[in-house]
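# Only the shape, not the letters, is given here:
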């Protein structure tokens, strides 16, 4: 964050601060999960979207890891949530 600010790279954490940026980004991820059930017009996905979106939000917004390693691990964890949700999505939407 300090390096971005020094180089005048305007990232979310530089603009809003780390804590607010985490909540904004986590909220966007949560919103994406929930929106998927409505965009696909498949309400059976809604509870799964709440679960996986909620866990992803909590991981992003409240992770207590070292700042230098947090982005790598969070990416893998959130992508894991997306992958599992994607498998459930395919099962519900495309398989009888």
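Structure received. Every value quoted in this text rests on a predicted model; they were computed, and no experiment measured them.

# where exactly do the strands run in this structure?
Assigned by DSSP state E, the chain shows no strands.

# got the contact list for the residue nearest to the spatial centre of the chain?
Residue closest to the mean C-alpha point of the chain, counted by CA atoms, centre = their mean, is residue 29 at 3.4 Å. Shown in contact with residue 29 (CB atoms under 8 Å, 6 or more residues apart in numbering): 53, 56-57, 60, 78. Backbone N, C-alpha and C define where each C-beta goes, glycine included.

# Next, format those residues as TSV and append neighbour count, pLDDT and distance to residue 24.
As requested, the contacts of residue 29 are exported to TSV (neighbours: other CB atoms under 10 Å; pLDDT from 0 to 100; distance: CB to CB, whole Å):
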residue	neighbour count	pLDDT	distance to residue 24
53	23	96	15
56	23	94	14
57	22	95	11
60	22	89	10
78	19	90	15
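
# Now distance to residue 1 too, for these, in JSON lines please.
Putting the contacts of residue 29 into JSON lines (distance: CB to CB, whole Å) gives the following:
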{"residue": "53", "distance to residue 1": "25"}
{"residue": "56", "distance to residue 1": "21"}
{"residue": "57", "distance to residue 1": "21"}
{"residue": "60", "distance to residue 1": "15"}
{"residue": "78", "distance to residue 1": "19"}
